Structure formats: structure tokens, C-alpha cells
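Student: model this:
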Amino acid sequence: MSAIKYEKNADNIVILILDSSGQSANTMNAEFRDALDEVSQKLKAETDLKGIIFRSAKKTFFAGGDLDELIQVKPEHATEFFKMIEKLKGDLRTIETLGVPVVAALNGTALGGGWEIALGCHYRIAINDPKTKFGLPEVTLGLLPGGGGIVRMVRLLGLQNAFPFLMEGKQFGVDKAKSLGLVHDTAENEQELLDKAIAWVKANPPSTKAAQQPFDVKGYKIPGGDPKTPAVAQVLAIAPAMLRDKTKGCYPAPEAIMAAAVEGAQVDVDTALRIESRYFTQLTVGQISKNMIGTFWHGLNAIKSGASRPTDVAKWQVKKVGVLGAGMMGAGIAYSTAIKGIAVVLKDVSVENAEKGKAYSQKLLDKRVSQGRMTAEKRDQVLALITASADAADLQGCDLIIEAVFENQELKAKVTQEAEQYLAEGGIFASNTSTLPITGLATASKDTKNFIGLHFFSPVDKMQLVEIIKGKETSAETLAKAYDFVQQIAKTPIVVNDSRGFFTSRVFGTFIQEGMRLLAEGVHPARIEMAALKAGMPVGPLAIQDEVSLTLTEHVASETRKALQAEGKDLPKTPVDEVVHTMIHELNRKGKAAGAGFYEYPENGKKHLWDGLSRWTKDHDISEQDMIDRFLFVQALDTLRCYEENVLESVIDANVGSIFGIGFAPWTGGAIQFLNQNGIEKSLQRSEQLAAQYGERFNPPQLLKDKAQKKEIIQ
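Tutor: Below is the predicted model of the structure:
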């Protein structure tokens, strides 16, 4: 079977039907490449060819490159890979330059390689479907559009207009594609799509202007000008510095895209395509694309397909959810649930408080309406699903009740006992706690096997991850139901076992503490924040500590110390405790909410580091690389300890959770993949060096030593 069916109609128009065998979507795999080569030879041999139409036998047009294949490409395969890419592009270019009109009949989404096939056609018609997406998202996986996407987007849109689609991977719908001139016409269904494609070919005979790309017409100029045009040159002079400021040098893909686009815009099309292939090869054989494909593609897909969900439990759907506590977390959970069409009872101690929580949803929905992303009617429907209440009896019949009250065990016990009697038969109860052990909280429940942790992240409407925490007695059925609910509200679940701080809060704490340790050691705060950004963290540790609030950090440390003492253990004081104590009790700087922390928060200005931090600063010659390594290793090693202690049961959950829950540097592919990609033996060696120099928190876990000895990766 061929991945491309070749059909010639009575009008001498060849219809190429894309149909990868045994797959739900078309991809640029070996089967497709062989078929394209065969098809291009056959088309060249046609004597009375009037036109070509690309269409798809799948629900979507074409999904893009074969990521299973790309992740396997090693540096020693570079030459062979480069030749293979050039051959594929050569075949597409052959079809594009045959002198006959070529149409892309887009019946659905075309991303990556699929959009590149469409761009290689002279005319594009799409079915008018709001769900259809076009674009080149390769940069989000550490790659670039290597099938001609850079070359053609730049030539059709101009450098500046093409950059957001290339360097940010922005996807767009049919209407946007039309307004950009990238889609020329639309149809309402498959039949009309084919009819319009045939009609256009008939109306534009071979060897007319329509039978070639605009950029292949003599005298064509790139919209907005090429890199030598003064206005473009002016922008390009500062663009690399702006890009470096954004990526901090952690992400080679956007830099390679900019280089391929600018270099390619100064030469002919075929040379530009070759330049693009070189950069594509360089990224494909590199480690960063492998890290990102492994986690953002394979890892997320494994979670979507239920990797950590018990398999022998039937799928469950929630119809009514109760949320206890209408503060920021509760309000966010209510919004995220209602927007997916699920009824919510938002309960607080007073109706006024509950209404305030509901107003948060109103604000977010109004914003959507004002941006044209939602109709007023739809907004009203979503709001109608949220019942603001002070009466526990309104929770009657909830399939799931989530408590989101203050982090206090007695308060959580009280609201649990008040609410759980109203659960529907087969319903489950969840606690949105970030640090308190679930097994302890479950003792307040009348049925501990139906009690689970659902740790949402703030702000809930933006944060994709939900950490599901199993208590000692949580049943497999309750876990499966919690997993299903998280997916029902379109969030990403990871599953962890119960312990203090679970996984994300525990490891997140190590990052913030490392920043404060460096401050206590005398490092200039600006150097600390910059090193964290250069490590790939989204925000510096001192800025994050201000967001979290120093008082909360002090409270958590005090509660942890008390709990450990009750178990006969001790939590030794560290320089971090002294920094926190001084900031709160001597300097009255408690964090952002209090208006003063490590940063100043001027009313009409930008936040900036507080000058008073100079009390800690002394001449400290620590290298930036040491700081970067401390930030990454302190988190990676503690994540590995979580895995070793069975707090985490899977490496996928560790990697995905570390990026989406903690903000661990995405270029690494996650905290455990950071150790793998570094080379396990090198990671062991570096952690031992850090431990000798900076303390026992960098001591390698036994698992790292075992894997290094066996020369195995952690998986």
C-alpha cells in the first residue's frame, strides 16, 4: 500500500490522496517519503497533465513530521538525514515547479509538515470549520519547520510578519489564514471542497501565472523588503539581542529559525531551502529537541491516554461539583469546571464571599467576550452553571466535592465532615492542599477510600497541571475517577503518593531555598535572579518567594518542624530560616501581597530588587555556572529522591510535573530527563562535586549511583 493514492480524472487532473496506512493521521514517515518520490516521478512523466490536487483520506489533512523517527536521529546520522530531507523537499519542489496549477484541498487541520505541503501548492482551499488549525509549531519541540515552511512563509508574508508563526509556533484558524492570504477560498463540506479545487484548476490552465508560486515569478519581491531594506535591516539589527534576552540562550530553535529566515531571504529559493535543511539537521541531531519531544510529545500523550490511571475501572463523568471555599483557588476551580459545561456549587461561609468567588468567573468570561473569543450568550450559560451558596445542603447530589480552604488541618476536617454527607452515591471527596499529607486529612472522612488529593496550581484558569495525591487508603476506583475529572476539565493529571509536600511543593521549595541560600552566602541578588533565568527557570527564586509570601514559607516550615518533632525527627535550622526571619520580623518585608519583599513594588512603576538586600551582599566569587547547576541539580536530585521513595511512580509524571507544576527548565525535558540528557555518569560526578562544595542536599541518591554503575538511563 502507498501513503499517496494517485487518481487521474477525465479532465487530466491528478488527485493525490494522502492516506498513511495503519495510522489515524498522515505523517511524513518513510512510507510517505517513498510514495512522494514515486508520485513526483510519475507526474513528471505525464504528457497531458492539467493540474494536481492534494487531498486527504483522514479526518485531518496532515499531521506533520514523524516524531518517533526524529527522536532517533543521532549526530552520526547527520549527513544521511540531511540528504533525506533534501530529497523530500526536492520532490515537493518538483511538483511545485511542473508548470501546472497545484491545489491543496484542506479538509481539516494541517500542522508542521502538513502545512508545509499546503504552502508548496499554488492555491489553498479549506473547509470552514472553527476547529481547524494551521501552523508550524515545531519550535515548541525544539525543532524548526524543515520542509520548506520557513522559506515559503517568509516569501509569502515577509520576514517580520512570518516571525511570530515561525519562532513562537503560533497556530491559526481558517479566518486568520484567509486574512493573511494563505488560504484563498473556503468550502462547507468535502464535496464542495473537491468541486472548487477542480473548478480552479480548470479555470487556470498550465503555464499561466496561476500555475507557479508568486515567489517564482521573475521580479518578485518579499513583502516588506529583504534584509537589506533599511526598515527591515533596522529591526534585524536588534532582533538577535531581543531574542537572546527572551531565550537566555537555552533554546537553539528560535535562533536557528531567525538565522534560516534571514539568510534564506537573501538567496534564491533552492539555496534557501538548503540553508533551512542544514539548520533543521543541526537541531534534529541535538539533545534539546530530543528532551522536548520526549516530554512535550511522548510524555504528554502517554498521560492523555491514561498512563497513570488504573486500567480496570470504567470511565467516569462528573455532572455536578462542589467547591468549598471561594478564595482565589476555589474561584479558579469553579471557573475551570463550569467552562467545561459542569454544574458547580461554590460554597463559602457567607453568600457575599461565594458571590465574590463567582465574580472571578464573570471577570474572566467578560474578557473572553470582549476579545471576541466567546459570545455573550455562551458566557451567561457558563455563569448560570455556578451556584454561589453558604448552605451546605446545596451540595446535595455532587459527584465530586473539592475543599479549597486555608491550609489548616482542623479547618479542613470541619468542612470535610460538614460537606461529604451530601455526596451522590459513588461520589468522591478531594482536598486541594499543596503540603498537608492526604492520609492525615482523610482521617476526618467517613470513608477514607473515597478521599483523594487534587492539588491545583495558581492561577487555576492558566495552569494546566493537577497533581493527584493518593492517600494510604485511597482506592484505585477513586484515583481513576479523579484522573477522569482532571481530563474532563482539560487539564493534565500526574499521580503521586502521599508525603509531606508531595512532589511539586516539596521540589519547588528546594529552588526557592537555593536562591535564599545564595543570598545568605553573600551573592548579589541580581546575579541570583539572572542565573536562575539562564538556567531556564521562568522567574527568579526571590521574585517567586515574594509571590508565595515569606509568611507562608515561615508557616509551612514551622508546621513541618512540629509534625516531624511529633514523629521524633528534627528539621535543622538553615541560613534560609534566618533570611526569612529577618525579612519578616526585623525588616517588615513579607512579600508582594504586603507591598514589600525582596522586591519593591512602586504603585506606577516596574518592580525592582530592594536596595536593602545589600545587607547580605559581600564579595562572593561563585561562578554563574555553579549557580545554574545548583538551581537545576537541587531540584533534579530531589525529584529523583521522590521517585526513589515512591512518592512518584513514573518518570513521565516526574518530567511533565516538574515543567508544568514547578516551571523546571523546559529545554531539559524535565527534572529526571535533565540528569539523563547530561549523561548519568556526568550527572553523578557533578552532584558529588556540588555536595563536596555546597552541602549534603546535593548528595546523589542511591538510584543515580546504581544507574551510573550500570550505564543505564533513568526510565
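
Student: only C-alpha atoms from now on, for both contacts and neighbour counts.
Tutor: OK.

Student: for the stretch of helix or strand Pro493 belongs to, give the mean pLDDT please.
Tutor: In the assignment (DSSP states H and E), Pro493 maps to strand 492-497. The average pLDDT within strand 492-497 is 96.

Student: list the helices and strands that strand packs on?
Tutor: When contacts are defined as 3 or more Cα pairs under 8 Å, 6 or more residues apart in numbering; DSSP states H and E, strand 492-497 sits against helix 300-304, strand 465-470, helix 476-488, helix 651-657.

Student: now do the SS call for Thr474.
Tutor: coil (DSSP: H, G, I helix; E, B strand; the rest coil).

Student: ok, it - how many residues close by?
Tutor: Counted with other Cα atoms under 10 Å, residues neighbouring Thr474 total 22.

Student: contacts only, for the closest residue to it other than its chain neighbours.
Tutor: If the residues on either side of it in the chain are set aside, Thr474 comes closest to Lys449, at 4.1 Å by Cα to Cα, 6 or more residues apart in numbering. Neighbour list for Lys449: Glu473, Thr474, Ser475, Thr478 [criterion: Cα atoms under 8 Å, 6 or more residues apart in numbering].

Student: does the third one touch Asn450 like I think?
Tutor: Just to be clear, that refers to Ser475. Yes: here Ser475 reaches Asn450: they are 6.6 Å apart, a contact under Cα atoms under 8 Å.

Student: of the two, give the one with the bigger neighbour count.
Tutor: Neighbour totals were compared for Ser475 and Asn450, and Asn450 leads with 22 against 17 (other Cα under 10 Å).

Student: could you find the closest non-adjacent residue to that one?
Tutor: Ile428 (5.1 Å).

Student: which residues touch that neighbour?
Tutor: Applying Cα under 8 Å, 6+ apart, the residues contacting Ile428 are Asp399, Leu400, Ile401, Asn450, Phe451, Ile452, Thr478, Lys481.

Student: assumed it was part of a strand.
Tutor: Yes: Ile428: assigned to a strand according to three-state DSSP.

Student: how many residues are close by the closest residue to Ala476 other than its chain neighbours?
Tutor: Leaving aside its chain neighbours, Ala476 sits nearest to Pro310 (6.1 Å; criterion: Cα to Cα, 6+ apart). Neighbours of Pro310 under the rule other Cα under 10 Å: 16.

Student: relative to Lys315, how far out is Glu649?
Tutor: 22 Å (Cα to Cα, to the nearest Å).

Student: just for the stretch 51-200 of the chain, where's the confidence low?
Tutor: By pLDDT under 70, the stretch 51-200 of the chain has no low-scoring segment.

Student: one more pass at 90, please.
Tutor: 64 (pLDDT under 90).

Student: ranges for the helices of it?
Tutor: 67-70, 78-96, 113-119, 149-157, 159-167, 174-179, 190-203 (DSSP state H, counting those that start in this stretch).

Student: so which of the ones you listed is nearest Ser361?
Tutor: Of all the helices of the stretch 51-200 of the chain, helix 174-179 sits nearest to Ser361, with 27.9 Å by Cα to Cα.

Student: buried sites along the closest one?
Tutor: For helix 174-179, the neighbour count (16 or more other Cα atoms under 10 Å) marks Val174, Ala177, Lys178 as buried.

Student: between those, which sits nearest Trp667?
Tutor: Comparing every one of the buried residues of helix 174-179 with Trp667 (Cα to Cα), the shortest separation belongs to Ala177, at 30.0 Å.

Student: for the closest one, list the residues it contacts.
Tutor: Listed by Cα under 8 Å, 6+ apart, the contact partners of Ala177 are Phe134, Val183.

Student: the helix or strand bottoming out on mean pLDDT in the chain packs against which elements?
Tutor: Across the helices and strands of the chain, mean pLDDT, DSSP states H and E gives its lowest value to helix 550-566, namely a mean of 85. Here helix 550-566 touches helix 575-581, going by 3+ Cα pairs under 8 Å, 6+ apart.

Student: contacts for the helix it packs on?
Tutor: Here helix 575-581 makes contact (Cα under 8 Å, 6+ apart) with Gln513, Met516, Arg517, Ala520, Leu550, Thr553, Glu554.

Student: follow-up on the earlier one: and the next element down the chain from the strand holding Pro493?
Tutor: Downstream of strand 492-497, the first helix or strand assigned by DSSP H and E is helix 504-521.

Student: so what secondary structure elements neighbour that following helix?
Tutor: helix 525-535, helix 541-548, helix 575-581, helix 624-644.

Student: circling back: neighbour count winner among Glu649 and Lys315?
Tutor: Glu649 (17 against 12).

Student: centre-most residue in this structure?
Tutor: The residue lying closest to the centre of the chain (Cα atoms, centre = their mean) is Phe296, at 6.6 Å.

Student: correct me, but that residue touches Gly142?
Tutor: No: using Cα under 8 Å, Phe296 is not in contact with Gly142, being 10.1 Å away.

Student: give me the domain ranges for this structure.
Tutor: Following the TED database, one finds the domains of the chain at 2-284, 318-498, 503-708.

Student: burial check on Glu554, number of neighbours?
Tutor: 15.

Student: gap between it and Arg697?
Tutor: 20 Å.

Student: and Val183, by the same measure?
Tutor: Counting by Cα to Cα - Val183 and Arg697 are separated by 56 Å.

Student: more crowded one of these two?
Tutor: Each of Val183 and Arg697 has its neighbours counted (other Cα under 10 Å); Val183 has more, 20 against 16.

Student: so what's that one up against?
Tutor: Shown in contact with Val183 (Cα under 8 Å, 6+ apart): Tyr123, Arg124, Ile125, Ala126, Val174, Ala177.

Student: now Gly264
Tutor: Applying Cα under 8 Å, 6+ apart, the residues near Gly264 are Val151, Thr271, Ala272, Leu273, Ile275, Glu276.

Student: so which strand or helix has the fourth one?
Tutor: I take that to be Leu273. Counting by DSSP H and E, Leu273 is part of helix 269-285.

Student: give the buried residues for that helix.
Tutor: 269, 272-285.

Student: coming back round to it: which one of the contacts of Val183 sits closest to Pro541?
Tutor: Ala177 (40.7 Å).

Student: got the CA positions of the helix holding Leu273 in PDB?
Tutor: Output in PDB follows, covering the C-alpha atoms of helix 269-285 (Å, rounded to 0.1, in the frame of the first residue of the first chain):
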ATOM      1  CA  VAL A 269      14.500  29.600  -3.300                       C
ATOM      2  CA  ASP A 270      16.500  26.400  -3.800                       C
ATOM      3  CA  THR A 271      19.500  27.800  -1.900                       C
ATOM      4  CA  ALA A 272      17.200  29.000   0.900                       C
ATOM      5  CA  LEU A 273      15.700  25.500   1.200                       C
ATOM      6  CA  ARG A 274      19.100  24.000   1.500                       C
ATOM      7  CA  ILE A 275      20.000  26.500   4.300                       C
ATOM      8  CA  GLU A 276      16.800  25.600   6.100                       C
ATOM      9  CA  SER A 277      17.700  21.800   5.800                       C
ATOM     10  CA  ARG A 278      21.100  22.500   7.400                       C
ATOM     11  CA  TYR A 279      19.700  24.200  10.400                       C
ATOM     12  CA  PHE A 280      16.900  21.600  10.700                       C
ATOM     13  CA  THR A 281      19.500  18.800  10.700                       C
ATOM     14  CA  GLN A 282      21.600  20.600  13.400                       C
ATOM     15  CA  LEU A 283      18.500  20.900  15.700                       C
ATOM     16  CA  THR A 284      17.300  17.300  15.000                       C
ATOM     17  CA  VAL A 285      20.500  15.700  16.000                       C
END
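
Student: what sits against Pro252?
Tutor: Gly142, Leu283.
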